[in-house]
Every structure is written in C-alpha cells, then in structure tokens.
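>>> kindly generate the corresponding structure for this input.
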Amino acid sequence: MKITIKEVAQMAGVSVTTVSQIINQKGGRFSEATKQRVLKVIEEQEYSPNYFASNIIAKKSKTIGVIVPDFSEQFAAAILKEIKYQLEKQGYYLIICESDHEFDKEQELLNQLANIAVEGILLFTPNDYQDKKLFKNGRFRDIPVIFADRGLNDGFYGTIKIDEYSGVYRAIEWLLAQGHRKIGLIIDNSEHYHLAERFEAYQQALLDCGLLIEEKYIKQMPLTIAGGYQGASELLNETDVSAIFCCDDMVAIGCYQAIYDSGKIMDQEITVVGFDGGEVTQIVRPQIKSVHQPYKKLGKAYAEKIQMAIDQPERRMDDQLFHVSFIT
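Coordinates of the predicted model:
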C-alpha cells in the first residue's frame, strides 16, 4: 500500500511541512540529522510524492492536452511530431486524446483535461465553435485553448491559416502543362471537413485554361483509403480521365490501389496527385506526387503559440499564414 506524506512525517517525528521542504530541496534550515532521518524513512518505505495533486494546486503541471479527431489522421500526426519535439525541449509533455470527430466528445475531453490541470490545450477540430459559449477570452475553465482547424474558428490567440488554394492551383496547372485535359477530382464528402479552397482552386485552374467543369469528373468521398479506392474506381469505370487530383494523401493511396487493380500503369496511363505531402506518399513506387504542407513550420508555430498563451493568457495574438508547395 502506498504510504502518504503524513505517515512519513509521523515515522520521522517531524511535521508534514518539514518532509515537503526536504523533498523539494528547500530544507536548508533543518539539521543534517533531521534530513537524514526523513530521507531514511522515505527510502525504507519507498515513498514517492504525489506530484499530480501538488500540480493541480500549483497549476504548473508541465502538461499540455491535445485533442485530435483521429489518431490516424496524417495532418494532425505530422504536426504533432514537431509540436512534441519543440515542447519537450521546454519541459512540457503532451496528453493526446481522440474525439472521433464528435463535438460532444470534444467537450467531454476538454473537461477531462481541465480536471487533470493541463496548462494549455491544442484542439484539432472539424467543428465550428463560433456560436458556442464554451470559451471566455480564449480559455476553457481558465485554460488557454489553441485551435488547429485550418482557420475554421477565430481563436482569441490568433489563427494559423494555410494557403491551400495556391498549392492546389499550381498542381492542376502542372497537370494541364503535361497535356492532361480530363482531370478527375476526389474531394471530401463534407462529413467531417469542407475543403472549399482545394475545390475552388481545381475549378479555377481548369476555367483559366478554357476548360469546362464537368460533374462526372468529380467524386465526393470520405477522406480515407477506402474512399479514395471507391472514388477512383468509379472515375476509371465511368470516365476517361487521364489524371486524378486527390484532396488528401490517404485518398491518393486508395486511388493508387484502384489504379493498380484496374491494370493501368501509374504515370504512364494515368497520373495521381495528392495533398499533404506526408510520409505515406513515399512508401509506394512510383511515388505519388503531392502538394506539401509545411509541417515543421506549422508545428513550431503551434508550439510557440501555446507557450505564449500559457505565459500571457490575457494577450491576444495575430493570425499567421503559411504556404504549401508543389514540387514536380
């Protein structure tokens, strides 16, 4: 059974305050004999302090809560890798929770993270909180919350936005320059996300080239490998596309599988371009071209933003804009 600090004090014949100060290396005013007596009891009884309880009181847990829609989501996972690296250098640790894209579960997790006294929360969400009164001056129960949501919510601590439009436009321009005129698009089905910029860039690039927007070339699917497989299978069976732009890399992997199963040859009979530029597109041959997100820059920016919000919770912050890149 775990021994308490009160029991340690009783066994050593001192006060709880004395034990606490010796443990925290603040026992300079005590004699060496007193310190050794306390330390001997701690060693013999294998006592370990309940830092969790003390952190709740002090509100300095050195932990940051993170809520993600799905652990397998490449965008969040890649950014979190950099956020974790940056914050651990400052002595912080992440507690990562999965919301399954559900608004109610996000609220439940916000409460749970607040109950364990995290110092800040990063909320990766597909949900709109604009009309909800859950946050006061950017805080949930006095804990700063940073939104990571592609600019969906206007956060008190500023919004990190990504210029997705220009990256997608350049990718479609490149396909057009390669001679493709029948370019399919597999876009989100708006179940969890609405990637309007990517859709608008696809449309505008075609219009600027004098091409019509044909509905038969556009498939709305879940942002999953299965969704990509189904969307690509339908495009291959119903149309004569020579290229497919996938608005997500997981979709592109499913598309790749469908092309392989159809017997067509990648990059000879059909070209695929994805969006995100994560490691997943590098595991197949030939590699899938992709619009690349600036994951390291984004992760560093979120890490700096959450630290600043913790240190200066009353301070509003400016928005930041990052650009994606398409490298042929």
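>>> mind checking the SS state of residue 161?
strand (DSSP: H, G, I helix; E, B strand; the rest coil).
>>> skip the chain neighbours and tell me the closest residue to it.
Nearest residue to residue 161, sequence neighbours excluded (C-beta to C-beta, 6 or more residues apart in numbering): residue 151, at 4.3 Å. C-betas here are computed from N, CA, C, even on glycine.
>>> now that neighbour: how far from residue 159?
Per C-beta to C-beta, to the nearest Å, residue 151 is found 5 Å from residue 159.
>>> who's more crowded, those two?
residue 159 (21 against 16; other C-beta atoms under 10 Å).
>>> let's check: the centremost residue of this protein is which one?
residue 76 (2.7 Å; C-alpha atoms, centre = their mean).
>>> residue 305 falls within a helix, correct?
Yes - according to three-state DSSP, residue 305 belongs to a helix.
>>> give me the number of residues near it?
For residue 305, the tally of surrounding residues (other C-beta under 10 Å) stands at 24.
>>> ok, it - contacts?
Residues in contact with residue 305 (C-beta atoms under 8 Å, 6 or more residues apart in numbering) are 146, 157, 158, 160, 317.
>>> right, and the last one touches residue 306 too?
No - distance between residue 317 and residue 306: 10.7 Å, which falls outside the contact criterion (C-beta atoms under 8 Å).
>>> these two - which one has more neighbours?
Per other C-beta under 10 Å, whichever of residue 317 and residue 306 has more neighbours is residue 306, with 25 against 18.
>>> spit out the contact partners of that one.
With the criterion set at C-beta under 8 Å, 6+ apart, residue 306 makes contact with 64, 83, 87, 120, 122, 144, 146.
>>> same check on residue 107?
Counted by C-beta under 8 Å, 6+ apart, residue 107 has contacts residue 134.
>>> which pLDDT value goes with it?
pLDDT, residue 107: 93.
>>> same thing with residue 112?
In this prediction, residue 112 carries a pLDDT score of 93.
>>> pretty sure it sits against residue 95.
No - look at residue 112 against residue 95 with C-beta under 8 Å: they stay out of range, at 9.4 Å.
>>> quick one: end-to-end distance for stretch 179-195.
Terminal residues of stretch 179-195 lie 26 Å apart, using C-alpha to C-alpha, to the nearest Å.
>>> may I have the secondary structure class of the residue nearest to residue 211 when sequence neighbours are not counted?
Excluding the flanking residues, the one nearest residue 211 by C-beta to C-beta, 6+ apart is residue 181, at 6.4 Å. Of the three states, residue 181 takes coil under three-state DSSP.
>>> ok, residue 181 to residue 139 distance?
Counting by C-beta to C-beta - residue 181 and residue 139 are separated by 52 Å.
>>> and residue 230, how many neighbours?
Residue 230 has 19 nearby residues by other C-beta under 10 Å.
>>> which SSE is immediately downstream of the helix or strand harbouring it?
Assessed by DSSP states H and E, residue 230 sits inside helix 225-238. Using DSSP H and E, the helix or strand that follows helix 225-238 in sequence is strand 243-246.
>>> just flag the most distant two among the contacts of residue 306.
The largest separation in the contacts of residue 306, counting by C-beta to C-beta, is between 83 and 144 at 14.7 Å.
>>> list the contacts of residue 292.
Residue 292 neighbours (C-beta under 8 Å, 6+ apart): 167, 276, 277, 324, 325, 326, 327.
>>> could you rerun that using 7 Å?
277, 324, 325, 327 (C-beta atoms under 7 Å, 6 or more residues apart in numbering).
>>> buried subset of those residues?
277, 324 (16 or more other C-beta atoms under 10 Å).
>>> make a markdown table out of the contacts of residue 292 and add pLDDT and secondary structure.
Formatted as a markdown table, the contacts of residue 292 follow (pLDDT from 0 to 100; DSSP: H, G, I helix; E, B strand; the rest coil):
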| residue | pLDDT | secondary structure |
| --- | --- | --- |
| 277 | 88 | coil |
| 324 | 93 | coil |
| 325 | 92 | strand |
| 327 | 77 | coil |
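>>> helices along this protein, start to end?
Secondary structure of the chain by DSSP state H: the helices cover 5-12, 16-23, 32-45, 51-58, 74-88, 103-115, 164-177, 196-208, 225-238, 249-262, 295-311.
>>> contacts for the second one?
Same thing as helix 16-23. Residues outside helix 16-23 that contact it (C-beta under 7 Å, 6+ apart) are 5, 6, 8, 9, 12, 27, 30, 35, 38, 49.
>>> quick check: the fourth one vs residue 321, distance?
As judged by C-beta to C-beta, residue 9 and residue 321 stand 56 Å apart.
>>> looking at the two, which is more packed in?
More neighbours surround residue 9 than the other of residue 9 and residue 321, with 18 against 10 (other C-beta under 10 Å).
>>> okay, that one: pLDDT?
Residue 9 carries a pLDDT value of 88.
>>> show me what contacts it?
So residue 9 contacts 15, 16, 18, 19 (C-beta under 7 Å, 6+ apart).
>>> 10 Å - rerun?
15, 16, 17, 18, 19, 20, 38, 41 (C-beta atoms under 10 Å, 6 or more residues apart in numbering).
>>> near the third one, how many other residues are there?
Around residue 17 sit 11 other residues, with neighbours defined as other C-beta under 10 Å.
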